[in-house]
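Q: pasting the structure only:
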């Protein structure tokens, strides 16, 4: 097998293909994809979350281990499109009403279970001597909640219709939006001009989200024909894809992360009558594109840094702090659901998944997180994701029994 | 809007994105995609085939016109994946029985309507002073039949259940396979070592197709569970995608075009019980990936060469020869269907579409076709695609009436 080691050549190889697409790049993509899927398979056979498997698979084929695939420009772009599609799909699952009219416990949980991990992460970051921004990234990575992983676990356990499930979902959504805005603010701040750009990015972030919310409200109940009006659109997919891509680019152009735009575009489309059909049509795209994000992220993992005992200790400290603060935050915020219901809400907020990884990546890309701290944060994020299903499997039966007794 | 003019930078820009994906590259992809779709929209509003619109749209945003988007490595790779997905999807529509057990008129039509255009193309190529290989590419580009375009037109006119439609489809499939094998042989020959490599590539081509046919036969009736056995596979999509990608890479690695492997992989999967579901799941991928192929192809079009009257004349000569030879080939091969039925078969073989463009691209990539001849071939291919729907609209009602009289 021809392997792509080193950066891709500027002049594409001449291949027996239509457009002189470099064969080495195609092979790199194939190895990353198969690595992610093989990793997922092993993870699932071991009862672990798929996302952990994709990360580990990407790491194993990547330059940090076997070096079978070294991501270049095309792999990075596919990874970016992959996470844009992921966040668009998450947005597609969220109704504006669920965001604006969630009950008191959901809001309380979202806020408390976000503030506590940020404080813990910032505290730990500052304690180990990081700058304020780097410590903030560490805190944000711990504050994120992965609605994807959360809802997958709840659905697998068949408890999506329970009160605690609704609170977790509502809180996770609010958490997601707040963290996404914070990501934008901190990313802008990380660009250098902290004083001026922070305000600008904050205005832009609230502006984009505000306009997005307003658009979502106006989009409510829009007919499918709004999307299929162009003759090229037999289904809503292509117009929605163009909208997603455009808002993501606008988001990136004004200094926000592209995924914020993608999420907002998803929120807008979620209000229209095309939502169901689009969820269906986006699924194959997510299945093909999104693994590149996790594989490329895993391929950037530098585990040799973990040989440093201080970094290994840091990873464990971050993971324990991340789990404890989310659990306590949920327990306090959702206490009206009863002891085990509230605990389940807290445990449901534990998995950080892709959003935590996104934050860590942003910190790395901005040059704020060292490779060592990045790896420690990533390991901590992975640990929270691995631990959460076990915590939920423990608390959900008790919460269900508790609710039955209360009735 | 920030525009990507010139080749993409080797070191990716630092963007507020997950993996430092270059914003310029993302913008280039967006402009190519929107250009293709806008072109399609205009084409369809004018009653022209979608594929023509995507080509023209890519040309307009490309370096030959507005230069809003200059395809780089990532665009070429997405284009290649796009045409691989297209040919895989075409393979998915074809049953081995339809290939092996087509009736006499289909086989006769396929052979005659392939030999005549090749002879015409080679004759024209040699007449204008091309070498033997370049003339062969010209002939092959005229010999290809686009089953995609053909079946789309027949379906739109609601005559897919007619005898002439079945003959066209069967003949187009045989034509496709033969042309694909010939592409592989000629591509191998184009690599330089004509004497040795031709045999090798011929053996490899027949070997791959032979093994593929044998695999398709053994795949007949395979349960969906063969695909969904891995835990990562909730649906057959991801395993089928990996199979497609792997066979395409093997195909490219042994010197054949990647699309041959993709087509063969499609044939194999078409025999299994997962076929229906996969056709459904591949559609969104085709809608997103395949436009990049046509847009990038259009972006490579150098229309300034057509200012040369000799090249403009060549394009028209090639188009007329391509249409006449296909029509005559179908008329002779399918004469037992009656006068208008046979004419409809011939007209149905006229659109060259993507396969003709693929051949022209191969000739360009191999350095055999000059930019001028490439443009002439491309214009000729586009003309056949544009003309065919009009020819079919003329002959199909007469063929239907003829069949009613005969009954």
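A: Nice, thanks for sending it over. None of the values given here were measured: they were computed from a predicted structure.
Q: Could you report the neighbour count for residue A:289?
A: In terms of burial, residue A:289 registers 22 neighbours under the definition other CB atoms under 10 Å in any protein chain shown. In short, each C-beta sits where N, CA and C put it, glycine included.
Q: ok, it touching residue A:78?
A: Yes - taking contact to mean CB atoms under 8 Å, the distance of 6.4 Å between residue A:289 and residue A:78 places them in contact.
Q: Please identify which helix or strand holds whatever residue of the stretch 51-200 of chain A ends up closest to chain B.
A: For the stretch 51-200 of chain A and chain B, the shortest gap (CB to the nearest CB) falls at residue A:80, measuring 3.6 Å. According to DSSP states H and E, residue A:80 maps onto helix A:73-92.
Q: low-scoring stretches of the stretch 1-150 of chain A, by residue?
A: Of all residues in the stretch 1-150 of chain A, those with pLDDT under 70 make up the ranges A:1-21, A:98-103, A:146-150.
Q: What segments of it are helices?
A: Ranges of helices in the stretch 1-150 of chain A, per DSSP state H, counting those that start in this stretch, are A:23-45, A:50-61, A:73-92, A:96-100, A:104-127, A:132-143, A:147-156.
Q: how big is the angle separating the longest one from helix A:132-143?
A: In other words, helix A:104-127. Relative orientation of helix A:104-127 versus helix A:132-143 (axes from the mean of the first three to the mean of the last three CA atoms, to 10 degrees): 140 degrees.
Q: And residue A:269, how far from chain B?
A: Counting by CB to the nearest CB, to the nearest Å, the gap from residue A:269 to chain B is 15 Å.
Q: And the host helix or strand of that residue, what does it pack against?
A: With elements delineated by DSSP H and E, residue A:269 resides in helix A:258-270, which encompasses its position. Applying 3 or more CB pairs under 8 Å, 6 or more residues apart in numbering or on different chains; DSSP states H and E, we find helix A:258-270 packed against helix A:73-92, helix A:96-100, helix A:163-190, helix A:194-219, helix A:237-253.
Q: and the angle for it with helix A:237-253?
A: 140 degrees.
Q: Okay, and the residue of the stretch 151-300 of chain A found nearest chain B sits in which element?
A: In the stretch 151-300 of chain A, the residue found nearest to chain B is residue A:231; the distance is 3.9 Å by CB to the nearest CB. In this structure, residue A:231 sits in neither a helix nor a strand according to DSSP H and E.
Q: Next, count neighbours for the nearest residue to it once chain neighbours are set aside.
A: Spatially, and ignoring its direct neighbours in sequence, residue A:231 is nearest to residue B:44 (3.9 Å; CB to CB, 6 or more residues apart in numbering or on different chains). Residue neighbour count, defined by other CB under 10 Å, stands at 16 for residue B:44.
Q: Quick check: residues of the stretch 301-407 of chain A near chain B?
A: With CB under 8 Å from any CB of the partner chain as the criterion, the stretch 301-407 of chain A meets chain B at residues A:358, A:361, A:362, A:365, A:366.
Q: Just the residues you listed: which are in helices?
A: Among those, the residues falling in helices (DSSP state H) are A:358, A:361, A:362, A:365.
Q: Next, give me the two most distant ones among the residues you listed.
A: Put simply, by CB to CB the two of those set farthest apart are A:358 and A:365, 10.3 Å from each other.
Q: Please say which of the two ends up with more neighbours.
A: Shown here are residue A:358 and residue A:365; by other CB under 10 Å, residue A:358 has more neighbours (29 against 22).
Q: Flag every buried residue along the following helix or strand past the helix holding residue A:269.
A: Counting by DSSP H and E, the element after helix A:258-270 in chain order, helix or strand, is helix A:275-299. The neighbour-count criterion (16 or more other CB atoms under 10 Å in any protein chain shown) identifies A:275, A:277-279, A:281-299 as the buried residues of helix A:275-299.
Q: In terms of secondary structure, what does helix A:275-299 contact?
A: With contacts defined as 3+ CB pairs under 8 Å, 6+ apart, the packing partners of helix A:275-299 are helix A:23-45, helix A:50-61, helix A:73-92, helix A:237-253, helix A:353-365, helix B:237-253, helix B:275-299.
Q: Longest helix in chain A, please.
A: Taking residue count as the measure and DSSP H as the definition, the longest helix of chain A comes out as helix A:371-406.
Q: Mind giving me the packing neighbours of that helix?
A: Right, helix A:371-406 is packed against helix A:50-61, helix A:132-143, helix A:147-156, helix A:309-333, helix A:339-348, helix A:353-365 by 3+ CB pairs under 8 Å, 6+ apart.
Q: Which one, of these, ends up nearest to residue A:36?
A: When the helices and strands packed on helix A:371-406 are compared by CB to CB, helix A:50-61 sits nearest residue A:36, at 4.1 Å.
Q: residues in contact with the closest one?
A: Under the contact criterion CB atoms under 8 Å, 6 or more residues apart in numbering or on different chains, helix A:50-61 has outside partners A:31-32, A:34-44, A:65-66, A:68-69, A:149, A:291, A:294-299, A:301, A:303, A:353-354, A:357, A:378, A:382, A:385-386, B:232.
Q: Residue A:216 against residue A:275, yeah?
A: No - using CB under 8 Å, residue A:216 makes no contact with residue A:275, being 11.1 Å away.
Q: Any chance of CSV for the helices and strands packed on helix A:275-299, columns distance to residue B:313?
A: As requested, the helices and strands packed on helix A:275-299 are exported to CSV (distance: least, CB to CB, whole Å):
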stretch, distance to residue B:313
helix A:23-45, 37
helix A:50-61, 53
helix A:73-92, 40
helix A:237-253, 38
helix A:353-365, 55
helix B:237-253, 36
helix B:275-299, 22
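Q: Out of the ones you listed, which gets nearest to residue A:211?
A: Distances from residue A:211 to each of the helices and strands packed on helix A:275-299 were compared using CB to CB; the minimum, 9.8 Å, belongs to helix A:237-253.
Q: buried set for that closest one?
A: Applying a neighbour-count criterion of 16+ other CB under 10 Å, one finds A:237-245, A:247-253 buried in helix A:237-253.
Q: next one: stretch A:335-345
A: Neighbour-count burial for stretch A:335-345 flags A:335, A:337, A:338, A:340, A:341, A:342, A:343, A:344, A:345 (criterion: 16+ other CB under 10 Å).
Q: And the residue nearest to the third one when sequence neighbours are not counted, how close does it get to residue A:109?
A: The spatial neighbour of residue A:338 that comes closest, neighbours along the chain excluded (CB to CB, 6+ apart), is residue A:402 at 5.0 Å. Taking CB to CB, to the nearest Å as the criterion, residue A:402 is separated from residue A:109 by 17 Å.
Q: okay, the two: which has more neighbours?
A: Set side by side, residue A:402 and residue A:109 give different neighbour counts by other CB under 10 Å, the larger being at residue A:109 (34 against 19).
Q: Good, wrapping up.
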